[in-house]
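Undergrad: sequence first, predicted coordinates after that:
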Amino acid sequence: MRSNENDKPPDVVFSLEQLTRNLAAATPALQQLIFAAMYLTGILFAFLGIHKLKHYGDMRTMMTSSAELKGPLLYLLTAACFLFFPSTFSTLLQTFFNSSTLLSYQVVPEFGSNFNMMLKSLGLIVQLVGVIAFFRGWLLIIRLANHGAQPGTFGKAVTHIVGGIFAINIFFTWEILEKTFGFNF
């Protein structure tokens, strides 16, 4: 049986602008999911840190072995950063950018409105990647608490945390780079 031309599915054409707009629309929900994972991980790490601290105390009283305090303290520090994420992030923004809030994107007048909308969408996607990098950086810090950490883990962790902060505040980071290197876009 021969199909009619009316039976063909419509051609779906995606443009880069539409793709970035759709990804940016999903970004707030994904960020909320990551924040929820941060809070749950913070609670888990707080319990693990307290448990490891108890284990450290038991080892110190029972034996004269060299028990390390590094692990429990790193778990508790990371738990505090995850549980108090808004104030932690505000403090880090104040440290890096001298502002405790994310700066809003200013529309560049020489570009068209579609291009500005695409830039805003790409900025939201980069901010999501920054939140993921920040979270991953602190998880790499936890690897240092375990004895199986590879060399260079601390450097990777700090790079993820700092890079995540710069990516979360991508518009101000771009402005810093623009003024530092003299870009005129």
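TA: Arrived safely, thanks for sending.
Undergrad: going forward, measure contacts and count neighbours with C-alpha atoms only.
TA: OK.
Undergrad: now do the strands in the protein.
TA: Counting by DSSP state E, the chain has no strands to list.
Undergrad: buried sites along the helix or strand bottoming out on mean pLDDT in it?
TA: The weakest-scoring helix or strand in the chain, judged by mean pLDDT, DSSP states H and E, is helix 85-97 (a mean of 80). Across helix 85-97, burial judged by 16 or more other CA atoms under 10 Å covers 85, 89, 91-93, 97.
Undergrad: would you list those in JSON lines and tack on distance to Thr61?
TA: Formatted as JSON lines, the buried residues of helix 85-97 follow (distance: CA to CA, whole Å):
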{"residue": "Phe85", "distance to Thr61": "35"}
{"residue": "Phe89", "distance to Thr61": "38"}
{"residue": "Thr91", "distance to Thr61": "38"}
{"residue": "Leu92", "distance to Thr61": "38"}
{"residue": "Leu93", "distance to Thr61": "42"}
{"residue": "Phe97", "distance to Thr61": "46"}
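Undergrad: pull the most distant pair out of the residues you listed.
TA: Phe85 and Phe97 (17.3 Å; CA to CA).
Undergrad: name the nearest residue to the residue most central in space within the chain, ignoring sequence neighbours.
TA: With distances taken as CA atoms, centre = their mean, Val131 lies nearest the centre of the chain, 1.7 Å away. Nearest residue to Val131, sequence neighbours excluded (CA to CA, 6 or more residues apart in numbering): Gly164, at 6.0 Å.
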